[in-house]
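**Student:** Okay, predicted coordinates and the sequence, questions at the end:
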Amino acid sequence: MIKENLNKILAEIPKDVTLVAVSKTKPASDIEEAYAAGQRVFGENKVQEMVEKEALLPKDIQWHLIGHVQTNKVKYVAPFVSVIHAVDSLKLLIEINKQAKKNDRIIECMLQMHIAEEQSKFGMKFDEIIEVFNSNKFVEMQNVSIIGLMGMATFTDNEEQVREEFSNLEGDFNVVKSHFFKFNENFKHISTGMSGDYKIAIEEGSTMVRIGSSIFGGR
């Protein structure tokens, strides 16, 4: 079923939208099945689980760390991670830059913006993101590449609310792009949308969707 589910979703989403297959809690055998079907981008939300799977699986997989990450865990994924989505503080970005430098790498990152009603969700407010980009410490970083913004909508059945949250993020992305990354082609991604709302997310500007249960089944 994994191959069928993958192909169904890939047929639905535009070619310029990246599908991150969220494999958290799933065994390596499920990832191998998706890999055999052509999928190469996988998302994990726990550092230890990602490290264990990376050791077992093909080396051309692009690993996306999509969950909240503590600064003291960055060193474990720095040698191989492709993208860190949920960067929610300057402190974390500084640590990613430090560990990337140790590994002679440039790590792609996205800043997580708090767009949901729930206070329990991580992410920065718009003015906090602006503070990061205005800081001298950010300007001096040479081992991170900011490729966009990430957000998680409110968990609700109210589609209009979800649409508005995604739309607001796209608006903030455009402001950040015009002020700080106008001539930087790497800053081009909005990471929003999961199994339940990815179609709305794409309509509201998402370029990267994180889909798990619709590919691998329920947890």
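**Tutor:** Yep, it's here.

**Student:** going forward, measure contacts and count neighbours with C-alpha atoms only.
**Tutor:** Fine.

**Student:** Let me know the helix or strand that L19 is in.
**Tutor:** Assigned by DSSP states H and E, L19 belongs to strand 18-22.

**Student:** Can you name the element that comes right after that strand?
**Tutor:** Following strand 18-22 in sequence, per DSSP H and E, is helix 28-36.

**Student:** What residues of stretch 148-160 count as buried?
**Tutor:** By neighbour count on 16 or more other C-alpha atoms under 10 Å, the buried set for stretch 148-160 is 148-154.

**Student:** do the same with stretch 111-119
**Tutor:** 111-116.

**Student:** and that stretch, average pLDDT?
**Tutor:** For stretch 111-119, the mean per-residue pLDDT is 89.

**Student:** For the spatially most central residue of the chain, give me its contacts.
**Tutor:** Closest residue to the average C-alpha location of the chain: H85 at 3.3 Å, with C-alpha atoms, centre = their mean. The contact partners of H85, taken as C-alpha atoms under 8 Å, 6 or more residues apart in numbering, are 64-67, 109-112, 149-150, 191.

**Student:** now the residues you listed as JSON lines including secondary structure and distance to L10?
**Tutor:** Converted to JSON lines, the contacts of H85 look like this (DSSP: H, G, I helix; E, B strand; the rest coil; distance: C-alpha to C-alpha, whole Å):
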{"residue": "H64", "secondary structure": "strand", "distance to L10": "18"}
{"residue": "L65", "secondary structure": "strand", "distance to L10": "21"}
{"residue": "I66", "secondary structure": "coil", "distance to L10": "20"}
{"residue": "G67", "secondary structure": "coil", "distance to L10": "23"}
{"residue": "C109", "secondary structure": "strand", "distance to L10": "24"}
{"residue": "M110", "secondary structure": "strand", "distance to L10": "23"}
{"residue": "L111", "secondary structure": "strand", "distance to L10": "26"}
{"residue": "Q112", "secondary structure": "strand", "distance to L10": "25"}
{"residue": "L149", "secondary structure": "strand", "distance to L10": "22"}
{"residue": "M150", "secondary structure": "strand", "distance to L10": "21"}
{"residue": "S191", "secondary structure": "strand", "distance to L10": "16"}
